[in-house]
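Asker: Generate coordinates for the sequence data below:
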Amino acid sequence: MIVDNKNFVAQLARAVAGDNAAMQAVLQEYDPLFRSRSMIDGEFDEDCYQYILLRAIQETPKFKGIKIFFSEGGRN
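Answerer: Down below sits the predicted model:
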């Protein structure tokens, strides 16, 4: 994952603001992590994966880290 990438941070900010295309890009960036966390007893669990995606979609607009990141000395 490229969490410290300026473009990713800007994309995440757009996703938090409600930009659907940016949300898709963020979900795609984190997909390997979501898939790895969807393994149960060594097997991929589709229900778990879908739940993780749903929670990511629901919770991303509530993310406050972008405001904190940009307010701490403009590290963008």
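Asker: State the number of residues packed around residue 46.
Answerer: Counted with other C-beta atoms under 10 Å, residues neighbouring residue 46 total 8. Placement of C-beta: from N, CA and C, glycine included.
Asker: Can you pull the phi/psi pair for the residue lying closest to it once chain neighbours are set aside?
Answerer: Spatial nearest neighbour of residue 46, chain neighbours left out: residue 38 (7.6 Å); criterion: C-beta to C-beta, 6 or more residues apart in numbering. Note on residue 38: backbone dihedrals following degrees, to the nearest 10 are phi -100, psi 10.
Asker: do the same with residue 63
Answerer: Torsion angles, degrees, to the nearest 10, at residue 63: phi -60, psi 120.
Asker: What separation do you get for it and residue 36?
Answerer: For residue 63, the distance to residue 36 (C-beta to C-beta, to the nearest Å) stands at 21 Å.
Asker: So for the two, which residue has more residues nearby?
Answerer: Taking other C-beta under 10 Å, residue 63 and residue 36 do not tie; residue 63 has more neighbours (14 against 9).
Asker: Now the more buried one. Nearest residue, chain neighbours left out?
Answerer: residue 16 is the one closest to residue 63 (C-beta to C-beta, 6+ apart), at 5.1 Å.
Asker: Would you mind listing the residues in contact with the residue nearest the centre of the chain?
Answerer: Nearest to the geometric centre of the chain sits residue 26, at 4.8 Å (C-alpha atoms, centre = their mean). Neighbour list for residue 26: 8, 11, 12, 15, 60 [criterion: C-beta atoms under 8 Å, 6 or more residues apart in numbering].
Asker: does the residue nearest to residue 46 really touch residue 32, like I thought?
Answerer: No. Applying C-beta atoms under 8 Å, one finds residue 38 not in contact with residue 32, separated by 10.7 Å.
Asker: With neighbour numbers in mind, choose between those two.
Answerer: Using other C-beta under 10 Å as the criterion, residue 38 and residue 32 rank with residue 38 on top: 18 against 10.
Asker: Got the confidence number for the more buried one?
Answerer: At residue 38, the model reports a pLDDT of 97.
Asker: Please convert the buried members of the contacts of residue 26 into ChimeraX selection syntax.
Answerer: In ChimeraX, a selection of the buried entries from the contacts of residue 26 looks like this (16 or more other C-beta atoms under 10 Å):
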select :11,12,15,60
